[in-house]
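Peer 1: Following is a predicted model, sequence given first.
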Amino acid sequence: IWCPATVTVPTPGLGGCTTSYSSLAGLLGDPIFSSTGPAVNGVIWIEKTYDKTFDNAAITLDGSTLTAMSSFTLTLKGGWNGAGTGTQHLALPSIFDVSLHIINWKNDVTLSNIVFDTTTTGSANTLEVSSTKNIKLDRVKVINNPGGNGARLDNTASVTTGTGVTVTNSEFNNNGDRGLYVLSSFNITLTNVIANGNGGGTYSGAILDNTASTTAGTVTVTSSTFNGNSVNGLHITSDGKVTLSNITANGNVNGIGMFVDNANTAALMDVVLSGTNTFSNNWAQGLNISSKGAVTLNDVLAHHNGET
């Protein structure tokens, strides 16, 4: 069901909520989404018992059509415990086998407790989100999708200082192209992210790029793993400070364990690598950093790589 964000205990048909539907496509056919959509911050609640067989085509929410709705925040909460509760079962996420595209949004977009596994819709991006404001993923998995990127998150159209892309407690594994592809005009933050086994021969585990920033947006990656991808494990291009901690990037088949480049900046921007970090058994270098600023490394193991 969809409810206004002010409703904390969703009940179908009450408090401005829609009736209950068996599929996300069915929900988007509700009259409330006709014309330009509801002009209020909203939440789509997806039950933990959601049956993925009821959705059999890629799902799109396009802000260029839903012009009223796209000016307000949109949150998708999976693993919902059902009517009369406002809670999520973190061990029972909602599982989709079709692609989801939330594009041309003009406010914050947040997804939590949702899995996209072995999608069959053949989209270039299994999960695609583009917005002029914040994009946030928490407990999202995009896995085993043979065609295209696992997830593509883009807020390069943002002109609001301080907005960014934040991904926490999420996995992007065994996708045909990039596991995670993030483009931002401001800050990018990853925490507890895994991107393993992606690429199909020609792509990296995760690519983070905020060179569109006009204010030297930062990149921060913490406690994350990028192993066994076809090219680089983690590839970062930034015009701002890059802060990394507890990174593992091993066994990437045709590239570098971790590549960082923030050298194309007018100001001197640092790269800081702290915690415990491992870059081993990669085809090329384990670690490659290019910067005009200070580079600080702590507790780095980089061995058995193809190049030095």
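Peer 2: Everything's here; your move. Residues are numbered from 1 along each chain as shown.
Peer 1: May I ask which helix or strand encompasses Thr243?
Peer 2: Taking DSSP states H and E as the definition, one finds Thr243 inside strand 242-248.
Peer 1: got the residue ranges for the helices in this protein?
Peer 2: Ranges of helices in the chain, per DSSP state H, are 24-28.
Peer 1: Low-confidence ranges, it, go.
Peer 2: Within the chain, the stretches with pLDDT under 70 are 121-122, 308.
Peer 1: make it 90
Peer 2: Across the chain, the ranges flagged by pLDDT under 90 are 34, 119-124, 146-148, 158-163, 200-203, 212-216, 265-267, 307-308.
Peer 1: Please enumerate residues in contact with the strand holding Thr243?
Peer 2: 218-227, 234, 236, 258, 260, 262, 269-279, 291 (C-beta atoms under 8 Å, 6 or more residues apart in numbering). From N, CA and C alone the C-beta is placed, and that goes for glycine too.
Peer 1: what do you get if the cut-off is 6 Å, keeping everything else the same?
Peer 2: With C-beta atoms under 6 Å, 6 or more residues apart in numbering as the test, strand 242-248 has contacts from 219-223, 225, 236, 260, 262, 271-278.
Peer 1: Next: stretch 59-66.
Peer 2: Applying C-beta under 6 Å, 6+ apart, the set of residues contacting stretch 59-66 is 24-25, 36-37, 70, 100-106.
Peer 1: Max pairwise distance over the residues you listed: which two?
Peer 2: Within the contacts of stretch 59-66, Ala25 and Lys106 form the most distant pair, 23.2 Å apart (C-beta to C-beta).
Peer 1: Buried ones only from the contacts of stretch 59-66, please, as a ChimeraX command.
Peer 2: Entered in ChimeraX, the line below selects the buried ones among those, by 16 or more other C-beta atoms under 10 Å:
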select :24,25,37,70,100,101,102,103,104,105,106
